[in-house]
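Trainee: whatever this is, show me its structure:
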Amino acid sequence: MADEDDTTERTEDPTQKRLDDAHDRGDVAKSQEVNTWFMISGATLVLSTLSGSIGGIEVPLRNLIANSWMIRTDGPDLLALARNLEFAMIAALGVPLLMLLIAAIAGNILQHRLVWSGEQLKPKLSKISPLAGAKRIFGKQAVANFAKGLFKLVTLGAVMTAILWPERHRLEAMLRFEPATIPGLILTLTLQLMGAVVAMLALVAIADYLFQYRQWYERRKMSLREMKEEFKQSEGDPRVKGRMRQLRQARMKKRMMAAVPKASVIITNPTHFSVALTYERGMSAPVCVAKGADNIAFKIREIARQHDIPIVENVPLARALYATVEIDEEIPVEHYHAVAEIIGYVMGLKRGLSARRV
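Mentor: Okay, here's the model as predicted:
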């Protein structure tokens, strides 16, 4: 029903997704004149090149009529006769019919890629709506079909007159010709007529396809509201995306806070940043297990105090680590020396505390 709606608000060119969706529904730009041209061109080609093979069925049919009195009508012989005639028909008409089939398929493939859809077969109320019927009768499509039919009628009449009028005397004299010469004459005139018709219909087919494509494209145009809806469907609703981002941040925060008690040291800028690092012997470099700014930084320091994790104030290093290292990543090489001094200092403190306890 969307195609029947008012299109005055549809000012935007259709997106590729909208065009693909229309194709999947079987709604494509298609001109019957293109199909007609291919079929007539195929028939002309068949007559001009394979008329001899089509005439090959003449011999078995002539023999059948000439020797009809000798034909046995019992079961096996009659079946054999039918089988021989069938093979003769297939041999004579198989290739021409195949060429016509190829021409019909080519006429569709040239206009659009193959469509496998039953959407157009579904019943729609718009097809029996009086208003929709009136639009079809008095719309642009109806006017174009009328003009196209009138042009073909006038042009075809002119072409037939131009070809047959000079031959009128010979056509009158055909009554006195030998029967064997008449098929050749008729074939020649037929090929002349069909060649002229093919040339004339080529212009009609091109013009009609351009018109049909333009009409189809205009029906596929979109309003701003439709474009926004499609963007939401393809890119996701911003509200949903925002909610998903909040959930991811909440999960990441929870995982960070659970990892803080395993940290070796907290490097902090007391007013803004906290970065929790862990290091054990055998590791190639310290790893960031948590980081945060403002309230999260305060929470990291609070958990660290609860679990006696050393907190070291180093403003420039805290800022640099917060900006350059991500969770579960090793610290950058340029910070190895500064972090190594801090971790060495912290480990020294731990060893001193352990010695005093002993």
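Trainee: and after the lowest-mean-pLDDT helix or strand in the chain, which helix or strand comes next?
Mentor: Across the helices and strands of the chain, mean pLDDT, DSSP states H and E gives its lowest value to helix 130-138, namely a mean of 64. The helix or strand immediately downstream of helix 130-138 is helix 140-164, counting by DSSP states H and E.
Trainee: mind listing what's buried in that next one?
Mentor: Under the neighbour-count criterion of 16 or more other CB atoms under 10 Å, helix 140-164 has Lys148, Lys152, Thr155, Val159 buried. C-betas here are computed from N, CA, C, even on glycine.
Trainee: and what of stretch 35-49?
Mentor: Of the residues in stretch 35-49, those with enough neighbours to count as buried (16+ other CB under 10 Å) are Asn35, Thr36, Trp37, Phe38, Met39, Ile40, Ser41, Gly42, Ala43, Thr44, Leu45, Val46.
Trainee: just the C-alphas of it, formatted as CSV.
Mentor: Output in CSV follows, covering the C-alpha atoms of stretch 35-49 (Å, rounded to 0.1, in the frame of the first residue of the first chain):
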residue,chain,number,x,y,z
ASN,A,35,10.4,-8.0,-24.0
THR,A,36,8.3,-7.6,-27.1
TRP,A,37,11.4,-6.3,-29.0
PHE,A,38,13.5,-9.3,-27.9
MET,A,39,10.7,-11.8,-28.9
ILE,A,40,10.2,-10.3,-32.3
SER,A,41,13.9,-10.0,-32.9
GLY,A,42,14.3,-13.7,-31.9
ALA,A,43,11.5,-14.7,-34.2
THR,A,44,13.1,-12.7,-37.1
LEU,A,45,16.4,-14.4,-36.4
VAL,A,46,14.7,-17.8,-36.4
LEU,A,47,13.0,-17.2,-39.7
SER,A,48,16.1,-15.8,-41.4
THR,A,49,18.5,-18.6,-40.2
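Trainee: which residues in the stretch 251-358 of the chain form strands?
Mentor: When secondary structure is read from DSSP state E, counting those that start in this stretch, the stretch 251-358 of the chain shows strands at 265-268, 273-278, 287-293, 311-313.
Trainee: I'd say Leu224 and Glu12 touch.
Mentor: Yes - in terms of CB atoms under 8 Å, Leu224 counts as a neighbour of Glu12; the distance is 6.6 Å.
Trainee: thinking again about what came up before, and which of the buried residues of helix 140-164 is nearest to Ile296?
Mentor: For the buried residues of helix 140-164, the residue nearest Ile296 by CB to CB is Lys148; the value is 71.9 Å.
Trainee: so the closest one touches Glu33, yeah?
Mentor: Yes - taking CB under 8 Å as the contact criterion, Lys148 and Glu33 are neighbours in contact, 7.2 Å apart.
Trainee: which neighbours do those two share?
Mentor: When contacts are counted by CB atoms under 8 Å, 6 or more residues apart in numbering, the set common to Lys148 and Glu33 consists of Val204, Asp208.
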